[in-house]
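Student: I'll drop the sequence and a predicted model, then ask my questions.
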Amino acid sequence: MVELTVFFTFFPPLIILLYIIFSDRFQEPTYLLILTFFLGYALNLPAGILNEILIWSQDDPYDYVFLAGFTEETCKFLALFYFIGKRKSFNEPMDGIVYGTLISLGFATLENYDYVYNIYRSESLEVAVLRSYTAIPLHACCGIIMGFYFGLYFLKKSKLLLIKSYVVPVTLHGVYNYTDSMLYTLIIILVTSIFCLKLHSNIKSAQNIKIIEKEF
């Protein structure tokens, strides 16, 4: 039982992270990958403070639906923009996906631990399993989408792409939180995951073309 809980708490974000990292044809500095993950991990603190100020002080429970997505994705976006976007190693669109996913799943890993081992300790296994196919993929998709548009912004310098990098994940997170039906939640996760796989595939194809051009 304990082993299963640990597995479902930590394995899903780990396997997604490894897939994204090793799919990058131009590998990133190991120290920066680790640092970025723990930056996302640490973002739980400012996001938690903002949630306390903006959400729990409100009377309307639906404030949580929209504001939680706003506070969390805002912290992730600012970290991606200021901590990663200025670095020399950030030099192609795939980097946006890699670092965006690292920040997002770093955040989700600590959040997952808190839900499983603190908030819902008496139902830890059930919560860990549930979040392994709902909240964890949601955070991963938000990171991929944010990183995709941010990476394109780096390439094309289009403010519209920068806006999409922020607004789309915030909206997606809000819609996910608003949904109180498991069926609708799974549909959102499935459709968004397919969309993210397509975005990721497009960037990988662009990397392959870049490699071929270098060879010839």
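Tutor: Right, received. Where do you want to start? Computed from a prediction, not measured in an experiment: that's the story for all the values here.
Student: let me know the average pLDDT across the longest helix belonging to the chain.
Tutor: The longest helix of the chain (DSSP state H) is helix 182-215. Across helix 182-215, the average pLDDT comes to 87.
Student: helices or strands up against it?
Tutor: helix 2-23, helix 93-114, helix 135-156, helix 159-178 (3 or more Cβ pairs under 8 Å, 6 or more residues apart in numbering; DSSP states H and E). For glycine as for every other residue, the C-beta is placed from the backbone atoms N, C-alpha and C.
Student: looking at the ones you listed, which is closest to Leu35?
Tutor: Closest approach to Leu35 among the helices and strands packed on helix 182-215 (Cβ to Cβ): helix 93-114, 9.1 Å.
Student: mind listing what's buried in the closest one?
Tutor: 93-112 (16 or more other Cβ atoms under 10 Å).
Student: now do stretch 39-57
Tutor: 39-41, 43-44, 47, 50-51, 55.
Student: separation between the closest residue in space to Ala140 that isn't next to it in sequence and Ile53?
Tutor: Leaving aside its chain neighbours, Ala140 sits nearest to Ile16 (4.9 Å; criterion: Cβ to Cβ, 6 or more residues apart in numbering). Between Ile16 and Ile53 the computed distance is 31 Å (Cβ to Cβ, to the nearest Å).
Student: before we move on, what about Gly147?
Tutor: 27 Å.
Student: kindly report the same for Leu14.
Tutor: Taking Cβ to Cβ, one finds Leu14 at 32 Å from Ile53.
Student: pLDDT weak spots in this structure?
Tutor: 55-65, 210-216 (pLDDT under 70).
Student: who touches Val98 in this structure?
Tutor: 20-21, 24, 28, 33, 147 (Cβ atoms under 8 Å, 6 or more residues apart in numbering).
Student: leaving out chain neighbours, which residue sits closest to it?
Tutor: Nearest-residue entry for Val98: Asp24, 5.4 Å, with adjacent residues in sequence omitted and distances by Cβ to Cβ, 6+ apart.
Student: the one you found: how many residues sit nearby?
Tutor: 17 (other Cβ atoms under 10 Å).
Student: give me the phi and psi for it.
Tutor: The phi/psi pair for Asp24 (degrees, to the nearest 10) reads phi -80, psi 120.
Student: help me confirm that it comes into contact with Met94.
Tutor: Yes: under the criterion of Cβ atoms under 8 Å, Asp24 makes contact with Met94 at 5.2 Å.
Student: please enumerate the shared neighbours of those two.
Tutor: Both Asp24 and Met94 are in contact with Gln207, where contact means Cβ under 8 Å, 6+ apart.
Student: ok, Cys196 to Phe148 distance?
Tutor: In terms of Cβ to Cβ, Cys196 sits 8 Å off from Phe148.
Student: neighbour-wise, which of the two wins?
Tutor: Taking other Cβ under 10 Å, Cys196 and Phe148 do not tie; Phe148 has more neighbours (26 against 21).
Student: run a quick neighbour tally on the nearest residue to the more buried one once chain neighbours are set aside.
Tutor: Nearest residue to Phe148 in three dimensions, chain neighbours excluded: Leu199, at 4.7 Å (Cβ to Cβ, 6+ apart). Taking other Cβ under 10 Å as the neighbour definition, Leu199 ends up with a count of 20.
Student: in space, what's closest to Leu172 - neighbours in sequence excluded?
Tutor: Leu172 sits nearest to Cys142 (Cβ to Cβ, 6+ apart), 6.0 Å away.
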